[in-house]
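Trainee: could you work out the structure for the sequence below:
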Amino acid sequence: MAALVLTLACGWVATRAFESPKVVLAAQKMGPVALARAQALLQEIAEAAGQDDESRLKAINTFFNRQILYRDDRETWGVVDYWASPLETLAKGQGDCEDYAIGKYFSLIAAGVPSVKMRMVYVRAQLGGTIQAHMVLAYYPEPNAEPLILDNLVTEIRPASRRPDLVPVFSFNAEGLWQGVSGSNAGDPSARLSRWRDVFAKAKAEGWW
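Mentor: The predicted structure is shown next:
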C-alpha cells in the first residue's frame, strides 16, 4: 500500500494544536446531538491519549465505525461529493468513506498519534465483483513499514498485505501527497486536494488542529 514520493509544499505546519474546549464550543453551535456525540468522542480521545498507538487506533476506529452510519453524500448533503469535517459528520451521524477517514485522522492526532504516521489513501476497492473508488486511513508505525488499514468496510484493522481487495491510487496527509504503486505522477496537488484543504480549514476552525 505504500509507495511515495511527491512532496506537497502547502504551507501547513506539521505540529498540532488540538483544543477540546474549542471543539465543544463548535459542537454546541451545531445543536445538542452534535454536542453529545462530540463529548462522547472527546471522552474516547482522552482515554486513548494515555495508551499506545495500537490501542488508540482500535479505540478511534471502533468509535467511528459504530457511531457513524454509511450514507452516500447525495443522501446526506444533496451533492455528489462532500468532505465533511469531524463535527459535521458527528452532527449528521452518517457519512461516506472520506468522512470516516477524515474523522479518524483528526481524532487520532488529538489522541497523540503524529500526523506523519497517517495518510488518507484513495484506493480502488473490489466490492462484490465490482471495482469502486474508496478511501481508507493508513497508519505507518515506521516510515518504511507496512501500513495498517483503518476502514469502514472491513472494520478489523489489518496490515495492507491482508487487504488484497484494495489497490492504492494516491495518498495524502497534512504534510504531503504521495503516488500510488504505479509510480505515475499524482497530478496537480492543488486540483487534487482542493476538498482536502477545505476540510482541513474546517477542522482547524473546530479546534482539531
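Trainee: the residue in the chain sticking out farthest from the centre and Y122, how far apart?
Mentor: Computed with Cα atoms, centre = their mean, the residue of the chain farthest from its C-alpha average is G129, at 25.8 Å. The gap separating G129 from Y122 is 21 Å, by Cβ to Cβ, to the nearest Å. No exception for glycine: its C-beta is placed from N, CA and C like everyone else's.
Trainee: I'd like the next helix or strand past the lowest-mean-pLDDT helix or strand in the chain.
Mentor: Least confident element among the helices and strands of the chain, by mean pLDDT, DSSP states H and E: helix 189-192 (a mean of 51). Once helix 189-192 ends, the next helix or strand along the chain (criterion: DSSP states H and E) is helix 194-206.
Trainee: show me what counts as buried in that next one.
Mentor: For helix 194-206, the neighbour count (16 or more other Cβ atoms under 10 Å) marks W196, V199, F200, K202, A203, K204, E206 as buried.
Trainee: this structure: helices as residue ranges?
Mentor: Secondary structure of the chain by DSSP state H: the helices cover 20-29, 32-48, 53-67, 73-76, 86-92, 97-110, 189-192, 194-206.
Trainee: packing partners of the last one?
Mentor: This points to helix 194-206. helix 20-29, helix 86-92, helix 97-110 (3 or more Cβ pairs under 8 Å, 6 or more residues apart in numbering; DSSP states H and E).
Trainee: dump those to a markdown table, plus mean neighbour count, distance to L69 and mean pLDDT.
Mentor: Converted to a markdown table, the helices and strands packed on helix 194-206 look like this (neighbours: other Cβ atoms under 10 Å; distance: least, Cβ to Cβ, whole Å; pLDDT from 0 to 100):
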| stretch | mean neighbour count | distance to L69 | mean pLDDT |
| --- | --- | --- | --- |
| helix 20-29 | 16 | 19 | 97 |
| helix 86-92 | 24 | 9 | 98 |
| helix 97-110 | 25 | 11 | 98 |
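Trainee: what's the span of stretch 119-138 from first residue to last?
Mentor: 5 Å (Cα to Cα, to the nearest Å).
Trainee: which residues touch it?
Mentor: The list of residues contacting stretch 119-138 from outside it, by Cβ atoms under 8 Å, 6 or more residues apart in numbering, reads 1-2, 97-98, 100-102, 104-105, 118, 140, 147-151, 153, 160, 165-173, 178, 180, 196.
Trainee: what do you get if the cut-off is 6 Å, keeping everything else the same?
Mentor: Here stretch 119-138 makes contact (Cβ atoms under 6 Å, 6 or more residues apart in numbering) with 1, 97-98, 101, 104-105, 147, 149-151, 165-173.
Trainee: how about the contacts made by F106?
Mentor: F106 neighbours (Cβ under 6 Å, 6+ apart): P86, A203, W208.
Trainee: ok, now with 7 Å
Mentor: P86, A203, W208, W209 (Cβ atoms under 7 Å, 6 or more residues apart in numbering).
Trainee: thought the second one was touching R197?
Mentor: Spelled out, that is A203. No - the pair A203 and R197 fails to qualify as a contact (Cβ atoms under 7 Å) at a distance of 10.8 Å.
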